[in-house]
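Participant: Sequence and predicted model, in that order:
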Amino acid sequence: MNSILITGGRVIDPASGFDGTADVLIRDGRIEAVGSGLKAGDAAIFDATGAIVAPGFIDMHVHLREPGIEHAETIESGARSAAAGGFTTICCMANTIPVNDSAMVTSYIVQRAREVAIVNVFPIGAITKGSLGEELAAIGSMHGAGIVAISDDGRPVMNARVMRRAMELARAFDLPVIDHCEDLNLSAGGDMHEGAQSVRLGLRGIPSTSEDVMVARDLLLAEQTGARFHVAHLSTQRSVAMVAYAKVRGLSVSCEVTPHHFAITDDELCRYDSNYKMKPPLRCHSDVDAIIDGIVTGVVDAIATDHAPHAGSEKMQEFERCPFGITGLETAIGLSLGELVHKERITVARMIELFTTGPANILKLDRGTLKPGAHGDVTVFDTDTEWTFDVQQSYSKSRNSPFHGRRFRGGPVATIVGGTIVWSRE
Amino acid sequence: MVTPLRAAGLLDIETLDRAEIEAILDRARFFQPPPGETYRRLDSLKGKTVVNLFFEASTRTRVSFEIAARRLGADTLTIAAQGSSVSKGESLVDTLNTLAAMRPHAIVMRHAASGAPQFLARHLQIPIVNAGDGTHEHPTQALLDARTILDHRPSLTGLRVAIIGDIAHSRVARSNVHLLSKFGAEIVLCGPPSLLPRELEQLAPGVRLAWDMTEAILGADVIMMLRVQLERQHEAPMAASEYFRFYGLRLEHLDLAKPDVIVMHPGPINRGRELSSEVADSQRSVILNQVENGVAVRMAVLERVLFDRTTGS
């Protein structure tokens, strides 16, 4: 089979603690060796001099819209967008049409991904049938078909009793339960973060408490059931504090944050531009500070994009009628470098952890490392090349990004999946 | 950030500067008819077409804009959303693009969604005059309110203004707060807690909040009552039977205010719900002056939006 030698880069592998200039040899889809002066033999050579060579990045929270909403994204286009963003593995949420609540839909996604996706795709199954929050989905069968977690992302389970049963069952299959924490009664009708900006703009607010009360509920249920519980796109100061407390108490709890929640605030809503409309909403400065603090102190385990493509026409409406969500795969590394590494809040090694061992541990994926024998997934990125994000050039089928025109310093250079270069900058 | 009125129409009061507001108010005074007469008829906007696009029911604002445009010699065309292509599922952008292709010189629009005119202004070249957007702003209402206050007071600076009622859902309140604050008025916003979010205090300098109506009215120069907007309230702020008792304006309240206090209301009024009939019909009420000034102020706004565009063409 194929082999490739990635030469001269700074190799950082948080899983093994390695950080230094080295070559990485991948043969037959697996990491064969990391070290200096490796012999290429018949291997193709990729010169990574000046760049960082890391284990393949994992985005544990994306929406690929297939099956059912293919005009916004497909497994193929979403995977291309992921590759261009430096991701080698993505996990797709269940809110497709039909909802991924059965082994049949799971198998369809797995099969389609095998045929058309240039990166690894792992589906996340629904918690309840149709994500209606009432009856548990076929969790065991989906597990057999390849799901890596369960979540009713976007349509959170409001009934605490149903959530309890889901956590109990998930434990039997060793699946993490991911919750989009939102009390739908408190957030009902809201379009943006409730605060000074929503009052000024005359838009209905989504209070921070709508997230906080669900995080609190789920942490209590996780303690009761012993389930592995993961908070999706955590966005508030108090939720960070509650997750930190749960970790101190030894619960199996983890959380992710999105780049947009640590990069921008609700101040951006001033033009009623729906590219700033998502759930949870962009919060205020104190929330952003708390999230970054959580990243620094280790409360936050992973960065995930919540890549949520919507066709242009859906976003070209009155703000209150536009759907929630923005694309994010191609700007994640740039935003993380800009907001976290260049501002010296975390090291680049910690950033890599948030994209590799973090999500891999949560989902128990045998990925996110460059140890010999591991999958040959590698993300090559640099920290200094200046570039501008042009949403019109995006590989996604949708254009709903608030970061169009934003200047970045550093970004993806090449994405290698199973020893094959699936995307490179030039 | 200042939005130049000439380029963008009139979207809100918040981004308008004080000099611009003063210019409109001065010009509106020129348009006010002498007592017992009607508005003078001019032809400064002859040959111009103004489309009034009302996605939300309105009588006074729509008629007021129509009369204002015609008094200036412009042709007007009013489209109510009911019965138009809007109800056939056409999107807002498509509707506006279609109208824009017919080359009107300005579009006056009222819409139930906050930010709808701001959204369209980013996609259309034609100036848009906001005639009320959702629960955001109603700039010409604030201008006509200011004109009305100035007919009774020499200046807005230092005035104590109480705005009472459903502040949370009121575009009239927001526009008035921005305007009055720019001129250094003291503003007390008053209503039941769920209609009075604490963050309103940060809306503009000089704003204070009160749950107690007597506290709000104490020493007031101006009392602005707001309509109870049942259509925008998704849950009752308090028992309906109690609302008038705690937040309805009655004659005895007026004793707490300055002796020459004026009572305003953007209309339509609900007698017995937010103010008593006695107050509405009292000497202190300037509610009909507000309606009258609406035409003069809208003439001034349309002239400014359209006239400057015509120079050189």
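Facilitator: Received the coordinates, thanks.
Participant: which stretches of chain A form helices?
Facilitator: For chain A, the helices defined by DSSP state H occupy A:75-84, A:103-116, A:139-145, A:160-172, A:184-187, A:196-201, A:208-225, A:237-248, A:259-263, A:285-297, A:312-315, A:332-336, A:348-355, A:357-363.
Participant: Could you list every helix and strand that the last one packs against?
Facilitator: Using 3 or more CB pairs under 8 Å, 6 or more residues apart in numbering or on different chains; DSSP states H and E, the elements in contact with helix A:357-363 are strand A:57-62, strand A:253-257, strand A:302-303. Where C-beta positions appear, they are placed from N, C-alpha and C, glycine not excepted.
Participant: how about the helices of chain A in JSON lines, adding mean neighbour count and mean pLDDT?
Facilitator: Converted to JSON lines, these look like this (neighbours: other CB atoms under 10 Å in any protein chain shown; pLDDT from 0 to 100):
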{"stretch": "helix A:75-84", "mean neighbour count": "26", "mean pLDDT": "98"}
{"stretch": "helix A:103-116", "mean neighbour count": "18", "mean pLDDT": "98"}
{"stretch": "helix A:139-145", "mean neighbour count": "20", "mean pLDDT": "98"}
{"stretch": "helix A:160-172", "mean neighbour count": "19", "mean pLDDT": "98"}
{"stretch": "helix A:184-187", "mean neighbour count": "15", "mean pLDDT": "97"}
{"stretch": "helix A:196-201", "mean neighbour count": "22", "mean pLDDT": "97"}
{"stretch": "helix A:208-225", "mean neighbour count": "20", "mean pLDDT": "98"}
{"stretch": "helix A:237-248", "mean neighbour count": "19", "mean pLDDT": "98"}
{"stretch": "helix A:259-263", "mean neighbour count": "23", "mean pLDDT": "98"}
{"stretch": "helix A:285-297", "mean neighbour count": "18", "mean pLDDT": "98"}
{"stretch": "helix A:312-315", "mean neighbour count": "15", "mean pLDDT": "82"}
{"stretch": "helix A:332-336", "mean neighbour count": "25", "mean pLDDT": "98"}
{"stretch": "helix A:348-355", "mean neighbour count": "23", "mean pLDDT": "98"}
{"stretch": "helix A:357-363", "mean neighbour count": "23", "mean pLDDT": "98"}
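Participant: Any idea how many residues pack against residue B:125?
Facilitator: Counted with other CB atoms under 10 Å in any protein chain shown, residues neighbouring residue B:125 total 7.
Participant: Pull the contacting residues for it.
Facilitator: Taking CB atoms under 8 Å, 6 or more residues apart in numbering or on different chains, we find residue B:125 in contact with residue B:100.
Participant: ok but it is inside a helix, no?
Facilitator: No. Using DSSP: H, G, I helix; E, B strand; the rest coil, the assignment for residue B:125 is coil, not a helix.
Participant: ok, it to chain A distance?
Facilitator: Remark: distance between residue B:125 and chain A (CB to the nearest CB, to the nearest Å) = 17 Å.
Participant: same deal with residue B:24?
Facilitator: Applying CB to the nearest CB, the value for residue B:24 to chain A is 22 Å.
Participant: Looking at the helices and strands packed on helix A:357-363, which one is packed in the most?
Facilitator: Stretch with highest mean neighbour count among the helices and strands packed on helix A:357-363: strand A:57-62 (a mean of 30; mean count of other CB atoms under 10 Å in any protein chain shown).
Participant: How about residues contacting that strand?
Facilitator: So strand A:57-62 is contacted by A:78, A:82, A:85-93, A:149, A:153, A:178, A:232-233, A:256, A:258, A:302, A:304-307, A:329, A:332-333, A:352, A:355-356, A:359-360, A:362-363, A:365, A:367-368, A:379 (CB under 8 Å, 6+ apart).
Participant: circling back to that earlier point, quick one: closest of the helices of chain A to residue B:30.
Facilitator: Nearest to residue B:30, of all these, is helix A:196-201, at 32.9 Å by CB to CB.
Participant: Against which helices or strands is that closest one packed?
Facilitator: With contacts taken as 3+ CB pairs under 8 Å, 6+ apart, helix A:196-201 sits against no other helix or strand.
Participant: In the chain, which residue is most central in space?
Facilitator: Using chain A. By CA atoms, centre = their mean, chain A has its centre lying nearest to residue A:304, at 2.2 Å.
Participant: ok, and the closest non-adjacent residue to residue A:206?
Facilitator: Among residues not flanking residue A:206 along the chain, residue A:190 sits closest, at 3.4 Å (CB to CB, 6 or more residues apart in numbering or on different chains).
Participant: what's the one you found in contact with, if anything?
Facilitator: Taking CB under 8 Å, 6+ apart, we find residue A:190 in contact with A:198, A:204, A:205, A:206, A:207, A:210, A:281.
Participant: rerun at 6 Å
Facilitator: Residue A:190 sits next to A:204, A:205, A:206 when contact means CB atoms under 6 Å, 6 or more residues apart in numbering or on different chains.
Participant: circling back to that earlier point, just so I know, which of the helices and strands packed on helix A:357-363 lies nearest residue B:186?
Facilitator: strand A:253-257 (42.5 Å).
Participant: Can you list the neighbours in contact with the closest one?
Facilitator: Identification of contacts with strand A:253-257 by CB under 6 Å, 6+ apart yields A:229-231, A:234, A:243, A:246-247, A:291, A:300-302, A:304, A:362.
Participant: follow-up on the earlier one: any idea how far the residue nearest to residue A:206 lies from residue A:277?
Facilitator: Residue A:190 sits 11 Å away from residue A:277, going by CB to CB, to the nearest Å.
Participant: in chain B, which spans are helices?
Facilitator: B:5-8, B:18-31, B:60-71, B:92-101, B:116-121, B:139-150, B:171-182, B:213-217, B:240-247, B:277-280, B:287-310.
Participant: Please convert the buried members of the contacts of residue A:190 into ChimeraX selection syntax.
Facilitator: The following ChimeraX line selects those of the contacts of residue A:190 that are buried, judged by 16 or more other CB atoms under 10 Å in any protein chain shown:
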select /A:204,205,206
